[in-house]
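>>> The sequence and its predicted three-dimensional model are supplied below.
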Amino acid sequence: MTTDRNAAPIFLGIDTGGTYTDAVLWAEGEGVVAKAKSLTTRHDLAEGISGAVDAVLGKAAIDPSAIKLVSMSTTLATNALVEGQGGRVALVMIGFSASDMERDGLKTALGTDPVLFCPGGHDVHGNAQPLDLSGLEAALPELGRSVSGFAVCAYFATRNPAHENTAREMIRQATGLPVTASHELTSKLGGPRRALTTLLNARLIAMIDRLVAATEGFLSKRGIEAPLMVVRGDGALVSAAFARARPIETILSGPAASLVGARHMTGLDDAMVSDIGGTTTDVAVLDQGKPRLDPEGATVGGYRTMVEAVAMRTFGLGGDSEITLEDGGLAPRIQLGPRRLVPLALAGVKHEAVIREHLERQLRAPNPGRMDGRFAFRTGVPERLSAGLSGPEQKLYDTLNDIPQPLDRALASTAQLATLNRLVARGLVHVSGFTPSDAAHALGLQDNWNAATGKMAAELFARRRDGRGQPIAASPEDISRRVLDALTRRSAEVILETAFAEDGLDGAATVAHALVQRAVDGNHGIARLSVALDRPVIGLGASAPLHYAGLADLVGNACVVPRDTDVANALGAVVGQVRVSVEARVSQPKEGLFRVAAGDLIRDFANEAAALELAEAEIRTLAAARAKEAGAEEANIDVLRDIRAATVEGQRTFIEAILTATAAGRPRIAE
């Protein structure tokens, strides 16, 4: 590759995953110019980004100034929700009662984070109830010191956001902390699920903020003066500033980008797409060249949000999945995930001496211990994010540092495991242990990390006892093969589960049925059973060639693993479009009165046509402004009118109208 870039401009795609950061240079007409990988460093994301980008620039031998657009996809928000991580936030519910917390998993999602209930909100037509924020005002000094952000949700704020705006400004002035208001994220009704979406958004702000800041800082240092875009969960591109305020929209960002990349690389219009990473496997469907979208909102980590995204099912299954044994039974089965561990082969890259010392000590012991092969260390996030720890949590956190410590020495008792797990859930501590990545290193099928510590991890795990008191495996190679077989087998299950769910069945229950299990395993009796997909599988991810090698026989169709499968997300990040939508609603609070609600605008008309005309004009203006904010060069705007009316005895009666303006266009590139 020469430095003469007088032809097509060069685009840089970056994907920051839970384990690896990928970088791709792409030019229209040329395709992938160069690609590279670097380990993701969660405590300082700039390290992983700079490692990958520097490597790809070196391979291509181009001047950084030749790059005219940078686009990034990320699985960080998805992984955080799957693993239950995120900052501590305060939820402000205006016009709701405590009983509303029982709906849509809101109480479970909130956990031990604080919640305040304030009188106020609006009715279905946007008429206000009396607002009283005195309780919130009194609590702000203390909350400002103990949380990382706020989520505000008011009753029927989608019909009138005035009370959310008032609370947001009060919180910002008193604390200076990030505030998410529910009407900024969705126009859909359903208060508790809207509150859940807002809560999760507020939790993710600090994480995505660090990612964007690290990327912008690195690009500036390298002299790359190009706009920075981020992939949203529906595959559209938005500006970095847009994503910072709405990080919840980046859940499924990486998988959405991978679908764009899968279609681009294979040319297949109809396929199941399965993307395996370190932490998760994401499965989706391509129909007629387009990804299926989830009309109800993305489900991640067990929570149904109001985020419009690719109809993607995310499973806690990856190369770095925690390996455990099924409880009970004479021959316990291997179980994988959903939690990610730092593989001991990876921990051994930086800390080989300390890892080997303790693994050797545990291998010399006459009997295996419950905590063998497990280490804990701090993630390195800023100290302020550890605010609000309980006494036992703070005590354990203080004993840990950035050097891995064996759990059989770091924990005084097994009761402390629960405390450790809470620190892991807060994103403050990593646990390292035996994973499929270690198994691959033990068998010589992967060699990018420390094979010696990976093999020792397998040897320790093989010593565990079954129900008869015998070792579960004869050798580290034996247990490693069984782990990799279990990962391929589980991969087939999650792909079939997604297919069954798309067909309207209970995916998990159907795939667990004895008949389906027999069909997948090929265990034929008098009745011969088989199960097969109607379309091929596109296997994505750096480890897809390894883990999906035996997949075709299990799913009954071909499995295509493209040449650039290891960087599908980064590639998909640079070939998308900016796309944003704005919605307006026209209702009839009483006969002859037509009320327009569009953004912050509430206006009444005596004439239906005039109300619809203003609503369309308003959302065209809002969509154009939002598309520009999202980074579009020039946006084409389409407006869809959904007018609901009833005809009774020949007389038409207006009920309501929903107008949606969608603005789409290619992102701005550097001059």
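Everything's here; your move.

>>> Distance check, Met265 against Ala570.
12 Å (C-beta to C-beta, to the nearest Å). C-beta coordinates here come from the backbone N, C-alpha and C atoms, glycine included.

>>> Any figure for the gap between Asp234 and Ala632?
15 Å.

>>> So which of these two has more stuff around it?
Ala632 (25 against 20; other C-beta atoms under 10 Å).

>>> So which bits of the top helix by length along the chain are buried?
Using DSSP state H, we find that the single longest helix of the chain is helix 191-221. Within helix 191-221, the residues scored as buried using 16 or more other C-beta atoms under 10 Å are 191-212, 214-216, 218-219.

>>> go on, stretch 637-647?
Buried residues in stretch 637-647 (16+ other C-beta under 10 Å): Ile637, Val639.

>>> repeat for stretch 598-606
Ala598, Gly599, Ile602, Phe605.

>>> ditto for stretch 570-581
So for stretch 570-581, counting by 16+ other C-beta under 10 Å, buried means Ala570, Leu571, Gly572, Ala573, Val574, Val575, Gly576, Val578, Arg579, Val580, Ser581.

>>> which of the buried residues of stretch 598-606 has the weakest pLDDT?
Minimum pLDDT for the buried residues of stretch 598-606 is recorded at Gly599 (87).

>>> Would you check that that residue makes contact with Glu618?
Yes: applying C-beta atoms under 8 Å, one finds Gly599 in contact with Glu618, separated by 7.0 Å.

>>> which residues do those two both contact?
Shared contacts of Gly599 and Glu618 (C-beta atoms under 8 Å, 6 or more residues apart in numbering): Ala584.

>>> Let me know the closest of the buried residues of stretch 598-606 to Gln85.
Of all the buried residues of stretch 598-606, Gln85 sits closest to Gly599, with 32.7 Å by C-beta to C-beta.

>>> if we look at stretch 504-521, which residues are touching it?
Here stretch 504-521 has contacts from 313, 489, 492-493, 496-501, 524-525, 529-531, 554, using C-beta under 8 Å, 6+ apart.

>>> buried ones in it?
Quick answer for stretch 504-521 (16+ other C-beta under 10 Å): Gly507, Thr510, Val511, Val516, Arg518, Ala519, Val520.

>>> hmm, back to that, of the buried residues of stretch 570-581, which belong to helices?
Ala570, Leu571, Gly572, Ala573.

>>> Most widely separated two among the buried residues of stretch 504-521?
The most widely separated members of the buried residues of stretch 504-521 are Gly507 and Arg518, with 17.8 Å between them, by C-beta to C-beta.

>>> tell me which residues in stretch 551-564 are buried?
Residues of stretch 551-564 classed as buried: Leu551, Ala552, Leu554, Val555, Asn557, Cys559, Val560, Val561, Pro562, Asp564 (neighbour count, 16+ other C-beta under 10 Å).

>>> residues in contact with Tyr155?
So Tyr155 contacts Ile94, Gly95, Phe96, Gly120, Gly121, His122, Gln129, Gly191 (C-beta under 8 Å, 6+ apart).

>>> so the last one makes contact with Asp100?
Yes: applying C-beta under 8 Å, one finds Gly191 in contact with Asp100, separated by 6.4 Å.

>>> where's Glu618 relative to Val124, distance?
Distance from Glu618 to Val124, by C-beta to C-beta: 20 Å.

>>> next one: Leu396
Using C-beta to C-beta, Leu396 is found at 49 Å from Val124.

>>> Buried residues, the helix or strand harbouring Leu57. List them.
Taking DSSP states H and E as the criterion, Leu57 maps to helix 45-60. For helix 45-60, burial by neighbour count (16+ other C-beta under 10 Å) applies to 45-57, 60.

>>> One more: stretch 110-127?
Quick answer for stretch 110-127 (16+ other C-beta under 10 Å): Leu110, Asp113, Pro114, Val115, Leu116, Phe117, Cys118, Gly120, Gly121, His122, His125, Gly126.

>>> so what's Ala661 bridging to?
Per DSSP bridges, the residues bridged to Ala661 are Val582, Val639.

>>> In contact with it, which residues?
Counting by C-beta under 8 Å, 6+ apart, Ala661 has contacts 581-584, 616, 619-620, 622-623, 637-640.

>>> repeat that for 7 Å
Ser581, Val582, Ile619, Arg620, Ala623, Ile637, Val639 (C-beta atoms under 7 Å, 6 or more residues apart in numbering).

>>> Just the pLDDT for the last one.
Note on Val639: pLDDT of 96.

>>> ok, it - contacts?
Val639 neighbours (C-beta under 7 Å, 6+ apart): Glu616, Ile619, Arg620, Leu659, Ala661.

>>> Which elements pack onto the helix holding Leu57?
Identification of packing neighbours for helix 45-60 by 3 or more C-beta pairs under 7 Å, 6 or more residues apart in numbering; DSSP states H and E yields strand 10-16, strand 20-27, strand 31-39, helix 191-221.

>>> And the closest residue to Arg463 other than its chain neighbours, how close does it get to Leu359?
Leaving aside its chain neighbours, Arg463 sits nearest to Pro368 (4.4 Å; criterion: C-beta to C-beta, 6 or more residues apart in numbering). Noted for Pro368: a distance of 12 Å to Leu359, by C-beta to C-beta.

>>> So the residue nearest to Arg463, which state does it fall into?
At Pro368 the chain is in coil, as set by DSSP: H, G, I helix; E, B strand; the rest coil.

>>> Pretty sure it sits against Arg464.
Yes: using C-beta atoms under 7 Å, Pro368 is in contact with Arg464, at 5.6 Å.

>>> what's the burial count for Leu363?
14.

>>> Can you name the next helix or strand after the helix or strand harbouring it?
In the assignment (DSSP H and E), Leu363 maps to helix 344-364. Once helix 344-364 ends, the next helix or strand along the chain (criterion: DSSP H and E) is strand 375-378.

>>> and that following strand, how far from the chain's centre?
24 Å (C-alpha atoms, centre = their mean, to the nearest Å).

>>> repeat for stretch 142-156
22 Å.

>>> Figure out the length between the terminal residues of it.
28 Å (C-alpha to C-alpha, to the nearest Å).

>>> and it, which residues are buried?
Leu143, Val147, Ser148, Gly149, Phe150, Ala151, Val152, Cys153, Ala154, Tyr155, Phe156.

>>> Neighbours of Gly328, how many?
Neighbours of Gly328 (other C-beta under 10 Å): 7.
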